[in-house]
Every structure is written in C-alpha cells, then in structure tokens.
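# following is a predicted model, sequence given first.
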Amino acid sequence: MFPTQLTDTRAFDIAQALLGGFDDHYRRFRAVSAQAQARFERGDWAGQQRAQALRIEFYDARVAETTALLQARFAAATLPMDVWQQVKLHYIGLLTNHHQPELAETFFNSVCTRILHHAYFHNDFIFVRPAISTEYIENDEPAARPTYRAYYPTPATLRDTIARVVTNFQLDGEFVDLHRDAGRVLDAVTRQLGDFRWRANFQLQVLSSLFFRNKGAYVVGKIINGFTETPFALPILRRDSDGRFFIDAALFGEDDLLMLFSFARAYFLVDMQVPSAYVQFLRSMMPRKPRSEIYAALGLQKQGKSLFYRDFLAHLRHSSDRFRIAPGIKGMVMLVFDLPSFPFVFKVIKDFYPAAKDTSREQIQRKYRLVKAHDRVGRMADTLEYTRVAFPRHRFEEALLAELRHFCPSVLEENGDDLVLRHVYIERRMVPLNLYLQDATPEQRERAVVEYGQAIKDLVAANIFPGDMLWKNFGVTRHGKVVFYDYDEIEYLTDCHFRRVPAPRNEEEEMSGEVWWPVAPRDVFPETFAPFLLGDPRVREVFMRHHADLLDADFWNGQKQRIQAGHVHDVFPYDPARRFGSA
C-alpha cells in the first residue's frame, strides 16, 4: 500500500539522486551516439566499434555509482519500507515532464534491486508496470529537432526531394554524385510502388537522426500514399579511396527492415532525445517486431530486457504449457530449455563439464560479454542475461527439473511454488541447423549449407573464430539466415594460429589414428574440419563447391593478416544483389 502522506524529507532527496544518476547516464549515452556522425564522416571505423562496445558498459557503471551514492548519503539499505514507497511517489512526480520516463523507471528498478532484499522485487517499491505514459512525448525545446520530418513532393519534384532528405542530415563531406544516387532511389521507389495512383497526402516521413552501425549510416523512414505505408531505409557508405559518400541501396518493406534491425546485429548508434517516439515510429514500420527488440536495437538493451520480462510474465499468465528440455543435441556446458508456446530458449551454465571442455563459468560468461559488445554482423544471436529469475514450479516437466537439479544445483533455488534461477541467458529460438538439414529439400539444403559457410566467413570478417563449428551450434531463422549461438569456445581470429597438418615423417605417423603432431593452445588446423562437418555426401558436395576455402589454412591466415593491418570488412545487412553498383 502507498502512504497517504509524503512525510519523510529523505524520500525526495533520494528520488532526486536517483533521477540525477539516470540523467547522467543518458547524457553520456547521447553524447557517444551523437559523435557517431563525426566518426562516420572521417572513416574512423575502429573508433565506431569501440564506441559501440563502450556504450554498453555505461548503464551498469551509472547504476553502481548511484547505488554507492545512496548507500553513502542515506544508508539506503537500512531505510524502512514506507520511505521507499515515498521515494517512488516522488520519483513519479519528477518524471511528469521527462523525455525518457520509461528508461528512468527501469533505472530506478535497477538501483532498487541492488539495494533492497529480493523479497521486495515484485511489489510496490519498483515499477512492475509503467507509471508514466510515453504517448505523444515531443521535445519542445526551441532548437530541438522533431522526431521525424515530413516532405510533400510532387511527381516532378520527388527526385529533388530524395536528395533534400539526405542533405538535411548535413554530413560534413561531399557525395560522389548525389543527383545520380537520388535517381537510383527514385527508380527503386517506382519499381517498389508499381502502377500506383498519386494521392493528395503523398509524403515521405523520415526520422531526424541517422542510424550508424559498422561502416554505414542509414536514413530510415516511410512513404505514405493514401492508406498505404511503405517502410524504407537508405544505406549511405563512405568511399575508401577519397572519403566521399554514396547511397548504396534502397530497402523497402517490413522484411527488409527486420533484417536491418535483426537481433543478430550490433546495436545502432542513434541520437534520440525522445526514444519512445523513435520506437513508436519504428513499430509502425515493423509491427511484428516486439518493442523490447526495437529498444535493444537502438542501444537501449536494458529497457529491452525490462520490456521482454514484462512480455514473458504476461505470456505465462495466458498460457498453460510446460517448460521442457529443448529439442536437439544436448550441450556440454549449457542446459537449454524452452516453453513450446514462447519463441525463446533459456540457457543455464552447468556446474560441471566433460573433461574435453577445458573451461569455467567465469570464462563462459566472459565469452558471452564479448559477443554482447562485438559487432555481431548478423551471424551471432543477441542474448538477454538475467539474475534471480523466478519461474512457477508447476510449469516445469519433471525431466527438466531432474536435469536442473543434477547439472545446475548451484544456480537453482526451490522456494515453495517458485523455482529461482540465479543466472540465465535467454535467446531467440531458432531451428538447429543439424535438425533443419535432416528434413530439408535439396533446394533448402543447398541454401542452408551456403548460408552456413557464409555465416562463418562473416564471423571471420568480424575477427571472430567460432571454435566449435558443428552444425548443431548454428540455427536457422524464419528468414532462412544461418546464425551462430554457441559461444563458449569463440576466440578473436587474431589470437588463433592457423596451421597445416605437417607431413608424416614415417610410416608409423602416417598410419596413426591419433594426433601425432605438436599442438599448442589456440592452434587450429582447418583441413581437419572436414571429417566432423562433411560426413553427408550431399552436404559435402555443396560445401566443397561454395566454401572449400574454409578447409585451407591460407584462407584463415589471409583474413587474419587483413584484420591485423587495420582493415575493417564490409558486412551488409542486405543482399549484395540489392546494391546499386559502382560508387
């Protein structure tokens, strides 16, 4: 129950300190995001990648600082619960005209759950549901940009309008030929819309900030014509030879945008004063994409986690199936389970592993953090990491309970009707590639094997050696993309040593069924991949036709040398066939 009076003077000071901690966080977040344009303009790709990784650490650092401040100034952990109730009411009042109230509420929860005992996590002291509406928030400061700009071209001015959309972002530099690029976009728009009637309300609505990731900047908006809305995105690239810009392609429709905002790609750097307005605009373009994933794609992954968990609890209330051991080959270091009606899997690190797995819980968690901060190039699934998650015990199959008790006792708490997992990863569910290949048609098999090899090459381009490349460690998305999701053996490519198997020196070595040559840590022998990967002759034929170079140490060493020389590869979030052609 909430207090009827706000009587404790400490409560308002605590609320102000909490909001001050959040505001400090978001100022830093926006500053790094806003600087992405300058890094893009000068081609500082390594700096862009560092900024993407650094920004992920901001949130936890500010939560820790604010927690320490509240403990030092107010002995926050010792305060009575009625004081915390008053803190929350004051905090709600402070958020009335705030531009990021939903993010500030999540920050409040993060700090409180570090201070308060876990028994209070689901009651009146935190924001279980949002208290402040995010509808129709706009930045009303005099010099502020609107969330989006609207353009009203005529058929005769559409080409010039497309060019104006781009020039309004005021990139510091020249285009190779913007008039040519606008003409290419106009041709693509004409093909996309087909034989349509130009309505009176024909307009382009374009978000006011560019979206930066890897080596690209993206214009994101939609074409409105009558009752029809067509999402679009225009990738802008920088030519290495002279630093001039060009529009590389035109993407249209929800499916293209879903690939651009995929959960398997790094978070965008985008400057937003009112993030909820950006999310609402993007949701209108991608109605099948949960708001939690849109927030995460914008770099607000903590808000994404908060919304995901609310969606998960709602799903539990409106479903009755039971958690089960996930289909497929069981992992050596992870116990994986799912809920058939929910499109995600839950992964728990086991307490012990077979002797072949020389690892530890700390090393595995470090690998998952590496993936979170790295450019995932569309080939590594994003992972939500939670601590102390409560599940209803009656929703677990007995076989799953037995495995959790056997393999994960240090992570499992059984509290009456609840099961609490002290640490769990949650990922989007995909069809394991080994299972997909079993039932695939010849056409599906060829596409999947080609995608598998390309997934490895994209990871290599991003300086990632996946380690265990067995088919079971890759999944197939609903768009047919092959994505890697087993991270306990990944390494930076530049930390590995790619070698050829030495020639045998005598008959005994030649006939040996064991590894007779010396192997140092992080030595990799690509030619030895074949026996493990290519037992099926149908798979082998496709693989050797498209990706035989993956069995050659020279391929791996060549990629490693390029990365060590400072080269940053282009990995496009769209089919290369969609590119306009020469820059």
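Here it is on my side, so go on. As the structure is a computational prediction, the values presented were derived from the model and not from experiment.
# using PDB, write out every CA atom in stretch 480-488.
Provided in PDB are the C-alpha atoms of stretch 480-488 (Å, rounded to 0.1, in the frame of the first residue of the first chain):
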ATOM      1  CA  GLY A 480      16.400 -18.500 -43.700                       C
ATOM      2  CA  LYS A 481      19.500 -16.900 -42.300                       C
ATOM      3  CA  VAL A 482      22.000 -19.100 -40.500                       C
ATOM      4  CA  VAL A 483      23.100 -17.700 -37.100                       C
ATOM      5  CA  PHE A 484      25.700 -18.900 -34.600                       C
ATOM      6  CA  TYR A 485      24.600 -19.300 -31.000                       C
ATOM      7  CA  ASP A 486      27.100 -21.400 -29.000                       C
ATOM      8  CA  TYR A 487      29.800 -19.000 -27.600                       C
ATOM      9  CA  ASP A 488      31.800 -21.000 -25.100                       C
END
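# going forward, count from 52.
OK, 52 is where the count begins now, so the last one is stretch 531-539.
# just checking, next helix/strand downstream of the helix or strand containing residue 82?
Here residue 82 sits within helix 60-85, counting by DSSP states H and E. Using DSSP H and E, the helix or strand that directly follows helix 60-85 along the chain is helix 87-92.
# how far out from the middle of the chain is that next one?
How far helix 87-92 lies from its chain's middle: 21 Å, per Cα atoms, centre = their mean, to the nearest Å.
# tell me the buried residues in that helix?
87-88, 90-91 (16 or more other Cβ atoms under 10 Å). C-beta coordinates here come from the backbone N, C-alpha and C atoms, glycine included.
# can you tell me the SS state at residue 207?
State at residue 207, reduced to three classes by DSSP: H, G, I helix; E, B strand; the rest coil: coil.
# what score does it have for pLDDT?
pLDDT for residue 207: 94.
# cool, residue 583 as well?
Looking at residue 583, the pLDDT reads 87.
# tell me who's in contact with it.
520-521 (Cβ atoms under 8 Å, 6 or more residues apart in numbering).
# quick one: it and residue 131, what's the gap?
61 Å (Cβ to Cβ, to the nearest Å).
# low-confidence regions, this structure specifically.
Residue ranges of the chain with pLDDT under 70: 52-55, 168-175, 193-194, 557, 560-565, 567-568.
# domain ranges for it?
The chain is divided into the following domains under automatic domain parsing: 60-171, 199-351, 370-480, 484-602.
# could you measure residue 214 against residue 299, distance?
16 Å.
# tell me which of these two has more neighbours.
residue 299 (22 against 18; other Cβ atoms under 10 Å).
# thought the more buried one was touching residue 288?
Yes. Assessed by Cβ atoms under 8 Å, residue 299 is found in contact with residue 288 at 4.8 Å.
# OK, contacts around residue 481?
432, 526-528, 534, 536.
# next step: these restricted to strands.
Applying DSSP state E to the contacts of residue 481, the entries found in strands are 526-527, 534.
# now, which of those residues sits nearest residue 254?
residue 534 (36.3 Å; Cβ to Cβ).
# that closest one and residue 317, how far apart?
Residue 534 sits 14 Å away from residue 317, going by Cβ to Cβ.
# try residue 589
Applying Cβ to Cβ to residue 589 and residue 317 gives a distance of 35 Å.
# higher neighbour count, those two?
residue 317 (25 against 13).
# which one is the more buried one nearest to, not counting chain neighbours?
Excluding the flanking residues, the one nearest residue 317 by Cβ to Cβ, 6 or more residues apart in numbering is residue 426, at 4.5 Å.
# what's the burial count for the one you found?
Using other Cβ under 10 Å, residue 426 has 26 neighbouring residues.
# which neighbouring elements make contact with the lengthiest helix in the chain?
If you go by DSSP state H, the chain has its longest helix at helix 96-125. When contacts are defined as 3 or more Cβ pairs under 8 Å, 6 or more residues apart in numbering; DSSP states H and E, helix 96-125 packs onto helix 60-85, helix 87-92, helix 152-166, helix 412-424.
# any common contacting residues for residue 299 and residue 288?
267, 634.
# how about residue 285: what's its closest non-neighbour residue?
Per Cβ to Cβ, 6+ apart, closest to residue 285 is residue 270, 4.2 Å.
# before we move on, what about residue 511?
residue 610 (4.9 Å).
# which residues does that neighbour contact?
511-512, 544.
# and the gap between it and residue 618?
Using Cβ to Cβ, residue 610 is found at 9 Å from residue 618.
# kindly report the same for residue 267.
16 Å.
# what's the answer for residue 88, then?
Distance from residue 88 to residue 618, by Cβ to Cβ: 23 Å.
# then residue 119?
Residue 119 is 42 Å from residue 618, by Cβ to Cβ.
# residue 77 too?
Taken as Cβ to Cβ, the span from residue 77 to residue 618 is 34 Å.
# can you pull out the helices in the stretch 502-634 of the chain?
Secondary structure of the stretch 502-634 of the chain (DSSP state H, counting those that start in this stretch): helices located at 558-562, 581-584, 588-598, 604-615.
# now the last one against helix 588-598, angle please.
I take that to be helix 604-615. Angle, helix 604-615 to helix 588-598, by axes from the mean of the first three to the mean of the last three Cα atoms, to 10 degrees: 50 degrees.
# flag every buried residue along helix 604-615.
Buried-residue list, helix 604-615, by 16+ other Cβ under 10 Å: 604, 606-608, 610-611, 614.
# follow-up on the earlier one: please identify which of residue 77 and residue 618 sits among more neighbours.
Applying other Cβ under 10 Å to residue 77 and residue 618 shows that residue 77 carries more neighbours, namely 22 against 13.
# which residue packs closest to the more buried one, ignoring adjacent ones?
residue 151 is the one closest to residue 77 (Cβ to Cβ, 6+ apart), at 5.8 Å.
# kindly report the same for residue 531.
The shortest distance from residue 531 to any non-neighbouring residue, by Cβ to Cβ, 6+ apart, is to residue 498 (6.4 Å).
# likewise for residue 398?
Once flanking residues are discounted, residue 398 sits nearest to residue 476: 4.3 Å by Cβ to Cβ, 6+ apart.
# what's the local residue count around that neighbour?
Counted with other Cβ under 10 Å, residue 476 comes out at 21.
# which SSE is it in?
strand 469-479.
# okay, the angle between that strand and helix 412-424?
40 degrees.
# what about residue 497, how many residues nearby?
Residue 497: 18 neighbours (other Cβ under 10 Å).
# ok, now residue 597?
With other Cβ under 10 Å as criterion, residue 597 counts 16.
# how about the contacts made by it?
Applying Cβ under 8 Å, 6+ apart to residue 597 gives the contacts 500-501, 504.
# apply 6 Å and report the result again.
501, 504 (Cβ atoms under 6 Å, 6 or more residues apart in numbering).
# who's in contact with stretch 456-463?
386, 399, 401-402, 455, 472-474.
# please pick the buried ones from the residues you listed.
Neighbour-count burial (16+ other Cβ under 10 Å) applied to the contacts of stretch 456-463 gives 386, 399, 401, 455, 472, 474.
# reformat these as a markdown table; add distance to residue 124.
Putting the buried ones among the contacts of stretch 456-463 into a markdown table (distance: Cβ to Cβ, whole Å) gives the following:
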| residue | distance to residue 124 |
| --- | --- |
| 386 | 42 |
| 399 | 38 |
| 401 | 42 |
| 455 | 41 |
| 472 | 34 |
| 474 | 31 |
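# now stretch 566-578: buried residues?
Applying 16+ other Cβ under 10 Å to stretch 566-578 flags 575-577 as buried.
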